[in-house]
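Student: sequence first, predicted model second:
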There are 2 protein chains.
Amino acid sequence: MSELQGYHVAVMGATGAVGQQIIKKLEERNFPIHKLTLLSSARSAGKQITFKGENITVEEAKPDSFNGVDIALFSAGGSISEIFAPEAVKRGAIVIDNTSAFRMQADVPLVVPEVNEDALHNHNGIIANPNCSTIQMVAALKPIKEAFGLNKVVVSTYQAVSGAGAAAINELHEQTEAIISKKDFTPEILPVGSAEKHYQIAFNAIPQIDKFTDNGFTFEEMKMINETKKILGMSDLKVAATCVRLPVVTGHSESVYIETEQANVQVDDIKKVLAKAPGVTLQDDPSNQVYPMPAMAVGKDDVFVGRIRKDLDEATGFHFWVVSDNLLKGAALNTIQIAESLIKLGLVTNK
Amino acid sequence: MSELQGYHVAVMGATGAVGQQIIKKLEERNFPIHKLTLLSSARSAGKQITFKGENITVEEAKPDSFNGVDIALFSAGGSISEIFAPEAVKRGAIVIDNTSAFRMQADVPLVVPEVNEDALHNHNGIIANPNCSTIQMVAALKPIKEAFGLNKVVVSTYQAVSGAGAAAINELHEQTEAIISKKDFTPEILPVGSAEKHYQIAFNAIPQIDKFTDNGFTFEEMKMINETKKILGMSDLKVAATCVRLPVVTGHSESVYIETEQANVQVDDIKKVLAKAPGVTLQDDPSNQVYPMPAMAVGKDDVFVGRIRKDLDEATGFHFWVVSDNLLKGAALNTIQIAESLIKLGLVTNK
């Protein structure tokens, strides 16, 4: 078949929070598809999902499910990717993986198309989609780095529960209702489903996302640190992160402090490069109370940046506030943008 | 009357969120009182408040309300303090003011008793209680500064709505209920009652507390910057703040990045000095998921510190997470602790 007719695309984890957004975005962006295979665990198999007016039955994923697949979009957890991504590659598919399973492997490109599309040329079958909180930050950091150099990044995050999946969204809703109606509740999911202790998320802030590593940082924080260095190609960049879960359904926010390489950079210089940056929308007008907020970023594709200020004491220091829909640019959209870049660069062929 | 019998204490703003906590804490701590005068605006005057089993009628504040008052605790907004604090001082009272009206005046001590009690000796009738978000941070910074020196502080806050008063608490509750029951609502208070635009706070994060200054920082952020320098007595300390309002009722959290003066400081060194610091409770055991959270700090007097980590790239850099009840240590408790310090230091006499 010709390229115009499109590709055989598989979505692994089709019934999850991100999987559903991927299917929606494939339709919305009119991605060139001639066949769509929807895969899940045995538990969710059999469900019907509508794509462009057609009902598609979700199938239980097996290695042979990837026969004939050109592009496989994975979003079903790291352990599923570890098992099935190599099977898909073996069968000739290019895998774009939304989990952390392969992100730090040297031979796996970790890509935000607006930031490091060129890295795609070095793929060996698997391309990793970065962590949601990393994607939105590097989208803002890249143009600043290009224009003024970058020495240091210190980020504190304000992350939505949808980053922890559909069960976490339900937990926030149920806890909120329980507290408002003065009923008892037992936290069962957050901060991490697999952790020993669970804490109230409604009307609270939990300074733990993912489990802890031995150095006192969480895995989420280490992802932001390591992925930022890899995507920006700056192994010596100073990066630190504190990741916090909030009672917000969707939309991650980040308070970012940076130090530029160049001296004498002004706020207007930063605004100018961000205003022109692909995928970034500047929302920065304090006198009219214009700044990004998660409730207003939901459902939007862009990374929103505002509250840009020059540090009052550190000559090269700047502060800003970055917000994006963690399920879209932070996950589903970036995944599909990677696939679109692969097509544009001639790196994927339909069989 | 003798000192043992206590003082004539006035509470200005007795019906407000902080005023009520002040009255509760005066009773709880058995503050030496022989007469308690409760004052408010004309609108709230006439209300009855119970103190140690006795009903006290709230009176409309007038200059002569302070006749005979030894200690006046102000918590009714900056413009009220500007009018009435000088009147109270004129009549021989020592004023402890919870607003920002006098904090940066050179002849007004700005005091957190655990941090800079000695500054009280220089008072001229008015003593300022720092901003809630400043108090909890300097309680953690002081012992670190003393032990290892301090060069830089970058803080991102996660602040509760009760810092914006009782109306903001109601707004969060009403919006939350409206969203859960899919009803319309109109934001009317947050981020700032007097601002032109108001935004949803339920399930959102608003990167604005108080109004904006000309340099792009908000007044809240400038308070944290300037007050921290004044309280620590370090005019050349590099301090920056980003202040964010969250859908949390009570309990401010802060993600703090610091650089110490000394090199070779280790996490255990920081933990040791914080474990011994007055008013500070260390809650830092990642392997058992022990860290501070606002929902667990409500109603407690202490400043809770956890998530202490050494920066992985900056030799003198450290990160930690500070949580405290913004109505208690952040306001009412610190106010009363200042009064207790004044008594201890012999700086207040009863008439």
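Tutor: Cool, got the structure.
Student: what about A:H8, distance to A:P207?
Tutor: In this view, A:H8 and A:P207 are 44 Å apart by Cβ to Cβ, to the nearest Å. Yep, even glycine has a C-beta here, placed from its N, CA and C like the rest.
Student: and those two? which has more neighbours close in?
Tutor: Neighbour comparison, A:H8 and A:P207: the larger count goes to A:P207, with 24 against 20 (by other Cβ atoms under 10 Å in any protein chain shown).
Student: got phi/psi on that one?
Tutor: Dihedral pair for A:P207: phi -80, psi 50, per degrees, to the nearest 10.
Student: how much space is there between it and chain B?
Tutor: Relative to chain B, A:P207 is positioned 5 Å away (Cβ to the nearest Cβ, to the nearest Å).
Student: how about the contacts made by that residue?
Tutor: Residues near A:P207 by Cβ atoms under 8 Å, 6 or more residues apart in numbering or on different chains: A:242-245, B:253, B:255, B:291-293, B:306-307, B:321.
Student: next one: A:A72
Tutor: For A:A72, counting by Cβ under 8 Å, 6+ apart, the contacting residues are A:9-12, A:66, A:85, A:88, A:93-96.
Student: secondary structure class for the residue of the stretch 1-150 of chain A found nearest chain B?
Tutor: As assessed by Cβ to the nearest Cβ, chain B sits closest to A:L150 within the stretch 1-150 of chain A, at 12.6 Å. Assigned by DSSP: H, G, I helix; E, B strand; the rest coil, the conformation of A:L150 is coil.
Student: count the neighbours of it for me.
Tutor: Neighbour tally, A:L150, other Cβ under 10 Å: 23.
Student: any regions of the stretch 51-200 of chain A where pLDDT drops low?
Tutor: Counting by pLDDT under 70, the stretch 51-200 of chain A contains no low-confidence range.
Student: 90 instead?
Tutor: A:165-166 (pLDDT under 90).
Student: pull up the gap between A:V298 and A:N326, please.
Tutor: Taking Cβ to Cβ, one finds A:V298 at 9 Å from A:N326.
Student: whoops, A:A128 was the one
Tutor: From A:A128 over to A:N326 the distance is 17 Å, taken as Cβ to Cβ.
Student: returning to that earlier point: who wins for neighbours among the contacts of A:P207?
Tutor: Top of the contacts of A:P207 by neighbour count (other Cβ under 10 Å): B:S253, with 31 neighbours.
Student: quick one: it and B:V322 touch, right?
Tutor: Yes: contact criterion Cβ atoms under 8 Å: B:S253 and B:V322 qualify, at 7.1 Å.
Student: what do these two both touch?
Tutor: Shared contacts of B:S253 and B:V322, defined by Cβ under 8 Å, 6+ apart, comprise B:P292.
Student: most distant residue from the centre of chain A?
Tutor: In chain A, the residue that sits farthest from the middle, by Cα atoms, centre = their mean, is A:K182; the gap is 35.4 Å.
Student: for that residue, helix, strand, or coil?
Tutor: Secondary structure state of A:K182, per three-state DSSP, is coil.
Student: show the pLDDT at A:S2.
Tutor: pLDDT, A:S2: 41.
Student: now the common contact residues for A:V298 and A:N326.
Tutor: Counting by Cβ under 8 Å, 6+ apart, the shared contacts of A:V298 and A:N326 are A:250-251.
Student: between those two, who's got more neighbours?
Tutor: More crowded of A:V298 and A:N326, by other Cβ under 10 Å: A:N326, with 29 against 21.
Student: does that one really touch A:S253, like I thought?
Tutor: No: counting by Cβ under 8 Å, A:N326 does not reach A:S253; the two are 9.8 Å apart.
Student: which ones among the contacts of A:P207 are found in strands?
Tutor: A:242, B:253, B:255, B:306-307, B:321 (DSSP state E).
Student: is A:A240 in a helix, a strand, or coil?
Tutor: strand.
Student: residues contacting it?
Tutor: A:A240 makes contact with A:153-155, A:221, A:225, B:257, B:311-314, B:317, B:319, according to Cβ under 8 Å, 6+ apart.
Student: now with 6 Å, please.
Tutor: Shown in contact with A:A240 (Cβ atoms under 6 Å, 6 or more residues apart in numbering or on different chains): A:154, B:311.
Student: that one bridge partners, please.
Tutor: When assigned by DSSP bridges, A:A240 has beta-bridge partners A:V154.
Student: I'd like the distance between it and A:I206.
Tutor: 19 Å.
Student: do the same with A:Y291
Tutor: Per Cβ to Cβ, A:Y291 is found 24 Å from A:I206.
Student: now swap in A:K52 and tell me
Tutor: Distance from A:K52 to A:I206, by Cβ to Cβ: 40 Å.
Student: between these two, which one's more packed in?
Tutor: Counted by other Cβ under 10 Å, A:K52 and A:I206 do not tie: A:I206 has more neighbours, with 26 against 11.
Student: what bridges to that one?
Tutor: In this entry, A:I206 is beta-bridged to A:R245, by DSSP bridges.
Student: with adjacent residues omitted, what lies nearest to A:G216?
Tutor: Excluding its sequence neighbours, the residue lying closest to A:G216 (Cβ to Cβ, 6 or more residues apart in numbering or on different chains) is B:R309, at 4.1 Å.
Student: coming back round to it: okay, the contacts of A:A72 in CSV with neighbour count, secondary structure and distance to B:L39 next?
Tutor: Shown next, in CSV, are those (neighbours: other Cβ atoms under 10 Å in any protein chain shown; DSSP: H, G, I helix; E, B strand; the rest coil; distance: Cβ to Cβ, whole Å):
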residue, neighbour count, secondary structure, distance to B:L39
A:V9, 25, strand, 70
A:A10, 26, strand, 71
A:V11, 30, strand, 65
A:M12, 31, strand, 66
A:F66, 25, helix, 75
A:A85, 25, helix, 69
A:A88, 27, helix, 73
A:A93, 26, coil, 74
A:I94, 24, strand, 73
A:V95, 26, strand, 70
A:I96, 25, strand, 66
